[in-house]
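Chemist: Please find the sequence and the predicted model below.
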Amino acid sequence: MLEKRLKTIQTTIVVLTVLNIIILLGYLIISLTVINNETCPSEKPLFSEEKNQIFGQDNILIHDLENKDIYFYDSSKSSVLNAKIGNNLNLEDYQEISIDTSRDNSENYKVIYSAKAKAANLILDVRTKKSGAVTCKTYDWIVNEPFNSNYAKQEFEDCFYLGNASWYGQAENKNQQFWPINDIEFKEYSPYLTGLFGDIWSSILERYWLSSNGIAVIVDQSSPLFVKKNKTSFCLLASSKEPYHNQHLIVKLKYDICQIDKSSAKTDYLNQLQLFVINNYFAKPVGIPDERMFKSPIWSTWATFKKNINETTLKAFAHDILKNNFTNSQLEIDDKWQTNYGDFIFDTKKFPDMKGLITYLNDLNFRTTLWVHPFVNIEAKNFLEVSLAFLEVRAPDGLRPGITSWWDGIAAVALDMTNPNTTKWFHDQLEKIRSDTGIDSFKFDAGELNWLSRLFWLYNASFTPDQYSIEYVKMASNFGSLIEVRTGTQTQNFPIFVRMLDKDSTWGYDNGLKSVVTTALLMSILGYPFILPDMIGGNAYVFEGGEIVFETDLIAYPDYQLYIRWAQLTAFLPAMQFSIPPWHYNNRTQVPVNKICKDLVDLHEQIVYPILIEYANNAVATGEPIIRPLWWLDNSDLMALKISDEFLVGNDILVAPILDENKYKRDIYLPIGDWEAKNGTIYQGPKVLNDFPAPIEEIPYFLRKK
């Protein structure tokens, strides 16, 4: 019996020993596999000397040095991006092109261009970093020489093909505000800075392009950037040409190409990539603007009165608003309240008792804001003080004022927002106005680079020129949550409304009604959720000889259809802004324009406003936009990727405005979800509704059933 038990124990020990050996062998195999995977040559860029080519994983070509091509692929090995980099380099200027792959990360490498006489030695440094499903490659072109003026003129040009993808982002655009941006064309290079440089880029701009293939291109702020675009590609050029002469640096071009693994998020990969960019390259807003500005209309004097404002007109305007039973968030006193532009002194002929007027308007429950700008005209009393204290943007030698012009002055200087002494002086001037009169806040106009003198010198020469716009917005934000600005670049973090560029009273994408939708979508993708559309109906400019007339009693009233359709659209945006009063149409048409607009304000306040506030707070928490493209609900929906005349308010409301004259029905695309129309009918998307009725008093919108 004892022998049998011993034999059983011996057998058990042998079995357990064999099992342990098997387990240890298993661990050894797994460990060797991991080590092999980490050091496998096929996962490290391989350089083919014969063909000057670099290969990535699975021996797929990722960089062809001879043809200057780089390639990106998705997990199924389909091409998602093709670009030509170093496009302007003449390879005959380089006696050798070598590759350095001795880097910590197996996917990093350097391309070293060893120059012949007179050319500069160059380096292209490629580095890879991963974060979850997103992989970013940094491409960094640098001149590998000590500082020398000859090499400072080196330029780098990289071009990206649009392919079959839809592209978004870029910049506000005055004449071609298309969505997606594929059809925008500017065939000559223009400085990629805020402002109307040749009527190309406008007031809101980021160095960011987003592709529906799951690719994002983000250019570093340190690169002196020019951009051109056609219908098949966009190109980046780094150059020390004007207006980047102020930087005194050797030119570099640095950007990231970020790619998301679409297989890990098939229906929201684009949302995830967008939020990755917002949270890693920009900044979420730190709070939301004044809630009353979300809820009730802003009333501006500009389109109705232009420069012909005074105490009497303001009182009458306020009483008319109340008489017609409209609510308000504030009354905005626009141009021209001061004696001279740049002097912060009220014209006493127009406003003999400004403090008394503000008190009068406050008693009627109007808050007041005042139009201001960063210019001092030469006839202003402050011109000498500003110039002697070096508070203005100066000429390139740094010794003389940089004389410029703007829409209200043929000879002026722009205050230098990169100079802390200037921002303090400007802030003190405005704070004195506020304390002396009781004005609640300010509307900050301009702030773009195109208003500076052609050649200029900034106080902080280490700044890139767009820092001027950044510092302007930063200074303005100190005045609280009631302000508005109209320029934005790298300023998404401020809890303020950003206004669209002044719109024309037309229907088209060339700065008319259609562009209100596409500009709102653009601002959302660039990370600016607090969108202030321009005045309902546009600016109603009067023209003489092709020039805008600012001092006139005439009003070029927009057509009543345009006015109503504009009001309908803005009822679903984060803020409404009137200037031309709807009651002015009482004797101009049989259509009850005033009643329609009052109903739209009620709709905005009762239905849209609570949703806006919910998603405004969500924007602070997550970086998600308030106004969203239809593809936000399903990134795999190919039709939604191209829709430019509909939008979402959060995920809760789909809006399909009428954007054409004499149109009273339209086709509507509903993406995934159950959508309830105003009459209670529920439609299941994705679905196209053909010829959906939209009489003049109606705007089609749908509530998403949860």
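Modeler: All right, it came through fine. Residues are numbered from 1 along each chain as shown.
Chemist: so what's the residue nearest the centre of the chain scoring on pLDDT?
Modeler: With distances taken as Cα atoms, centre = their mean, the residue of the chain nearest its centroid is L526 (3.1 Å). pLDDT, L526: 98.
Chemist: In contact with it: list those residues for me.
Modeler: Going by Cβ atoms under 8 Å, 6 or more residues apart in numbering, L526 touches G169, I204, L205, E206, Y208, G488, Q492. Quick note: C-beta positions are derived from backbone N, CA and C, even for glycine.
Chemist: quick check, nearest of those to K129?
Modeler: Nearest to K129 among those, counting by Cβ to Cβ, is Y208 at 17.7 Å.
Chemist: who touches that closest one in this structure?
Modeler: Counting by Cβ under 8 Å, 6+ apart, Y208 has contacts G169, Q170, A216, V217, I218, V219, V277, Y281, I525, L526.
Chemist: Which helix or strand contains it?
Modeler: Here Y208, judged by DSSP states H and E, is contained in strand 201-211.
Chemist: which helices and strands sit right next to the next helix or strand after that strand?
Modeler: Proceeding C-terminally, strand 201-211 gives way to strand 215-219 as the next helix or strand, assigned by DSSP H and E. Under the contact criterion of 3 or more Cβ pairs under 8 Å, 6 or more residues apart in numbering; DSSP states H and E, strand 215-219 touches strand 201-211, strand 253-260, helix 269-281.
Chemist: any idea how far strand 215-219 is from the chain center?
Modeler: Averaging C-alpha positions (Cα atoms, centre = their mean, to the nearest Å) puts strand 215-219 14 Å from its chain's average.
Chemist: What is the neighbour count of the closest residue in space to P695 that isn't next to it in sequence?
Modeler: Computed as Cβ to Cβ, 6 or more residues apart in numbering, the closest residue to P695 that is not its neighbour in sequence is Y664, at 5.6 Å. Y664 has 13 neighbours, counted by other Cβ atoms under 10 Å.
Chemist: In this structure Y664 contacts F692, no?
Modeler: No - if you go by Cβ atoms under 8 Å, Y664 and F692 don't touch, sitting 10.2 Å apart.
Chemist: before we move on, back to that, state the distance from the residue nearest to the centre of the chain to G214.
Modeler: The gap separating L526 from G214 is 19 Å, by Cβ to Cβ, to the nearest Å.
Chemist: quick one on the thing from earlier: now do the strand holding Y208 and strand 215-219, the angle between them.
Modeler: Orientation check (axes from the mean of the first three to the mean of the last three Cα atoms, to 10 degrees): strand 201-211 against strand 215-219 gives 140 degrees.
Chemist: Alpha carbons only: can I get strand 201-211 in PDB?
Modeler: C-alpha atoms of strand 201-211 as PDB (Å, rounded to 0.1, in the frame of the first residue of the first chain):
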ATOM      1  CA  TRP A 201      -7.500  84.600 -45.700                       C
ATOM      2  CA  SER A 202      -9.600  86.500 -43.300                       C
ATOM      3  CA  SER A 203     -10.000  87.200 -39.600                       C
ATOM      4  CA  ILE A 204     -10.100  83.600 -38.200                       C
ATOM      5  CA  LEU A 205      -7.300  81.200 -39.100                       C
ATOM      6  CA  GLU A 206      -5.500  78.200 -37.900                       C
ATOM      7  CA  ARG A 207      -2.600  76.200 -39.400                       C
ATOM      8  CA  TYR A 208      -4.800  73.100 -39.400                       C
ATOM      9  CA  TRP A 209      -6.200  70.900 -42.200                       C
ATOM     10  CA  LEU A 210      -8.500  67.800 -41.500                       C
ATOM     11  CA  SER A 211      -9.100  65.000 -44.000                       C
END
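Chemist: Quick check: mean pLDDT of it?
Modeler: Throughout strand 201-211, pLDDT has a mean value of 95.
Chemist: ok so, going back, the helices and strands packed on strand 215-219: which one's closest to K229?
Modeler: Closest among the helices and strands packed on strand 215-219, once you apply Cβ to Cβ, is strand 201-211, at 9.6 Å.
Chemist: quick one, the closest one and strand 253-260 angle?
Modeler: Using the same axes, to 10 degrees: strand 201-211 against strand 253-260 is 50 degrees.
Chemist: Provide a list of residues in contact with the nearest residue to A395 once chain neighbours are set aside.
Modeler: Leaving aside its chain neighbours, A395 sits nearest to G402 (4.9 Å; criterion: Cβ to Cβ, 6+ apart). Contacts for G402 were tallied using Cβ under 8 Å, 6+ apart; they are E392, V393, R394, A395, V413, A414, L452, S453, L455, F456, W457.
Chemist: Narrow those residues to those in strands?
Modeler: V413, A414 (DSSP state E).
Chemist: Hmm, which of the contacts of G402 is lowest in pLDDT?
Modeler: Among the contacts of G402, L455 has the weakest pLDDT, 86.
Chemist: count of residues packed around the closest residue to it other than its chain neighbours?
Modeler: Spatially, and ignoring its direct neighbours in sequence, L455 is nearest to P396 (4.8 Å; Cβ to Cβ, 6+ apart). Neighbour count of P396, defined by other Cβ under 10 Å: 15.
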